[in-house]
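**Q** compute the structure for the input listed below.
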Amino acid sequence: MKKILIAISISFLMFIAAHFIMGVTTNPRGFSIEKWEVIDSGFDKKLKELPCSFKFILESPSYIFISSEIPETKDVRYLFIPQIDVSYLEVYANGNLVGSFGSEQTKTGRIWYQPLIYELPPGTKRISLKMYGIFSITMGAHTSVIGEEDIWRYELLSFLTLKLHLIGIGMVAALGLIMLMVSLKMNYHQKKIYIYMGLSSLAAATWLLIQTPFWSMGSYVHMLIARKILIAMLYIAASLLVAGVSRILGHDKFGSFLVYANALTCLVQWTAPSAYYLKISGDYSAFLTILTTFYLFIKSIKFASITITALVGFSTMVSVHDTLFTIISFQRVKPLSIYGVISIFLGFAYILVIEYENIVSKYEMSELDKVTDHLTGAFNRKYLKRLDIGALDALIFADLNDFKRINDEYGHDVGDEVLKKFVEVVKENLRQDDVIVRFGGDEFLIIMKRCPPSEAKSRMEKIKEEFKNSHELNPTFSFGVTRFSGNLKDSMKLADEKMYKMKRNLRSEK
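**A** Numbering: from 1, shown residues only. Below you'll find the model as predicted:
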């Protein structure tokens, strides 16, 4: 319970921080336009005045021409529009065109999430906007006249809603591709999980394109088809994500319902006969997104990870926030869906990364077990096939002295103790890249990476002294050192000859 409370607290703080930053960037200190005079409207001739923020869902492509008086500008000022939903826009200052967005010819562009800014000449007393829409016409947040000192708000908001948005699309898409590639190395059950999650990430990245501004789609039909595809991708992503999580944690009835409900909603979007009904069905289908993210949040608790639960919890809060934004039209706040999508996929990607690390770890342990001598902990002869030896490496062949006598007089258990003690002492004196291989019985091959033979010999003498003092029988060993010649067999033969020479010298001294 403590972990859950911590995770929810972190989620809430993330949500508040995101909301606060958006609030700071959309509320500059300049003159805020509080109402608009309607000059002309293609969908409602009775409109005379509008508040600072408004939203109209259109049954067919249309326009509205609005205007507002502002304090006369003495020097250069800027019209800052934090959020607007149009397919084409013209901005006038004192009746003169000062800027536009979209294709004047087709009027099938889209700006929705990103802010706009236009320079106003000195002496501007009246601002006019001619807004065209295909699905809707919306003025969100406060449109303001600002000075140079507030341009940073536009730049920050532009970064958060465009540059960061594109980075998010790239991250989610890359995550999907990585999971699909990883799935190729998995067993049947794990493969399905990674395929579901990978395809879900790619679908989510595609859906996020719906918030990317574009100049023109060429025609109304093209724009309708593109919007259907992008909206459908949201529900495909949700259906696949729930299916993937269910395979990790086990199936349940509500999870199965969400899989089919999201898939069905995807089909409903495709059957919408016009942009108007597509907009209506898309807005109200957003409640399904709340159910889906809430379900995923409940599921995330089972992972007992603060990181996962916090990320998915933040996504759930964003889902509720943006659904209310869409349905109830809280026009003065910015939607946060891009951050919610990134958050939820990072959360479940974190799960898969941990699972993949466990799989790799088990595989590595299994592979390591195959090449490890279980008595001493040194590598066995199978490891020789994996050895990467360079010309600067020293090769040492070592053999314990009188080992047969130790086994005969004191027993094999004591002999095993001596072998293990030898490997232990050698490992304590080896560097990270150095290797010890039990070649057979009481014979060992030691590779000292990038080590001159003279230095290797000095280190072996030190090991020899420590080994002798490590056991009550005062065991010793003989060794031969050589530089790697490029051929392992020849180098080992030379080191072996030097080792036997040392043995003969020891016997002659006795």
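**Q** which secondary structure elements does the longest helix seen in the chain contact?
**A** Using DSSP state H to define each element, the chain has its longest helix at helix 337-370. In terms of contacts (3 or more CB pairs under 8 Å, 6 or more residues apart in numbering; DSSP states H and E), helix 337-370 is packed against helix 164-183, helix 188-207, helix 220-249, helix 286-301, helix 306-327. (Glycine included, C-beta is placed from N, CA and C.)
**Q** mind listing what's buried in the last one?
**A** Put plainly, it is helix 306-327. Within helix 306-327, the residues scored as buried using 16 or more other CB atoms under 10 Å are 306-323, 325-326.
**Q** adjacent strands (with direction) for the helix or strand that comes right after the longest helix of the chain?
**A** Toward the C-terminal end, the helix or strand that comes next after helix 337-370 (DSSP states H and E) is strand 394-400. Counting by DSSP bridges, the strands paired with strand 394-400 are strand 443-448 (antiparallel), strand 477-483 (antiparallel).
**Q** nearest to Ala203, of those?
**A** Nearest to Ala203 among those is strand 443-448; the distance by CB to CB comes to 50.2 Å.
**Q** next SSE after that closest one?
**A** With elements assigned by DSSP H and E, the helix or strand that comes after strand 443-448 is helix 453-468.
**Q** from the contact counts, what lies against that following helix?
**A** Going by 3+ CB pairs under 8 Å, 6+ apart, helix 453-468 lies up against strand 394-400, helix 412-429, strand 443-448, strand 477-483.
**Q** most centrally placed residue in this structure?
**A** Residue closest to the average C-alpha location in the chain (CA atoms, centre = their mean): Leu346, at 4.7 Å.
**Q** how about the lowest-mean-pLDDT helix or strand in the chain, which residues are buried there?
**A** One helix or strand of the chain scores below all others by mean pLDDT, DSSP states H and E: helix 337-370, with a mean of 75. Neighbour-count burial for helix 337-370 flags 337-352, 355-356 (criterion: 16+ other CB under 10 Å).
**Q** over to stretch 41-55?
**A** For stretch 41-55, burial by neighbour count (16+ other CB under 10 Å) applies to 41, 43, 47, 50, 52-54.
**Q** circling back to that earlier point, so which of the strands paired with strand 394-400 comes closest to Met492?
**A** Going by CB to CB, the one of these nearest Met492 is strand 443-448, 6.8 Å.
**Q** return the angle between stretch directions for that closest one and helix 412-429.
**A** For strand 443-448 against helix 412-429, the angle by axes from the mean of the first three to the mean of the last three CA atoms, to 10 degrees is 10 degrees.
**Q** now strand 443-448, how far from the centre of its chain.
**A** 43 Å (CA atoms, centre = their mean, to the nearest Å).
**Q** can you list the residues that contact it?
**A** 378, 384, 387, 389, 393-399, 422-423, 426, 430-431, 434-439, 455-456, 459-460, 479, 492, 495 (CB atoms under 8 Å, 6 or more residues apart in numbering).
**Q** between helix 453-468 and it, find me the angle.
**A** Going by the same axes, to 10 degrees, strand 443-448 makes 130 degrees with helix 453-468.
**Q** pLDDT on strand 443-448, on average?
**A** Regarding strand 443-448, the rounded mean pLDDT is 93.
**Q** could you do stretch 275-286 as well?
**A** 80.
**Q** what comes up buried for that stretch?
**A** Quick answer for stretch 275-286 (16+ other CB under 10 Å): 275-276, 278-279, 282, 285-286.
**Q** from the chain's centroid, how far away is it?
**A** The answer for stretch 275-286 is 30 Å, by CA atoms, centre = their mean.
**Q** same question for stretch 419-438.
**A** 40 Å.
**Q** and the end-to-end length of that stretch?
**A** 10 Å (CA to CA, to the nearest Å).
**Q** please flag which of the buried residues of stretch 275-286 sit within helices.
**A** Counting by DSSP H, the buried residues of stretch 275-286 contribute 275-276, 278-279, 282, 286 to helices.
**Q** is Ala394 bridged to anything, and to what?
**A** Met448, Arg483.
**Q** and the gap between it and Leu430?
**A** Taking CB to CB, to the nearest Å as the measure, Ala394 falls 12 Å from Leu430.
**Q** the more surrounded of the two?
**A** Ala394 (26 against 17; other CB atoms under 10 Å).
**Q** settle this for me: that one is touching Arg483, isn't it.
**A** Yes - judged on CB atoms under 8 Å, Ala394 makes contact with Arg483 at a distance of 6.2 Å.
**Q** intersection of neighbour lists for the two?
**A** 452-453.
**Q** got any ranges where the stretch 301-450 of the chain has weak pLDDT?
**A** Residue ranges of the stretch 301-450 of the chain with pLDDT under 70: 325-333, 359-360, 362-364, 366-367.
**Q** now do the contacts for the residue nearest to the residue nearest to the centre of the chain when sequence neighbours are not counted.
**A** Spatial nearest neighbour of Leu346, excluding adjacent residues (CB to CB, 6 or more residues apart in numbering): Leu311 at 5.6 Å. Neighbour list for Leu311: 11, 300, 343-344, 346-347, 350 [criterion: CB under 8 Å, 6+ apart].
**Q** how close does Leu311 sit to Phe12?
**A** Distance of Leu311 to Phe12, computed by CB to CB: 13 Å.
**Q** domain-wise, how is the protein divided?
**A** Segmentation of the chain into domains, based on automatic domain parsing, reads 2-24+157-363, 30-148, 381-509.
**Q** between these, which gets nearest to Lys370?
**A** domain 381-509 (6.4 Å).
**Q** re the thing from before, okay if I get the helices and strands packed on helix 337-370 as TSV plus distance to Phe403?
**A** Shown next, in TSV, are these (distance: least, CB to CB, whole Å):
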stretch	distance to Phe403
helix 164-183	48
helix 188-207	47
helix 220-249	53
helix 286-301	58
helix 306-327	53
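**Q** tell me which of those helices lies nearest to Ile64.
**A** Of all the helices and strands packed on helix 337-370, helix 220-249 comes closest under CB to CB, at 18.0 Å.
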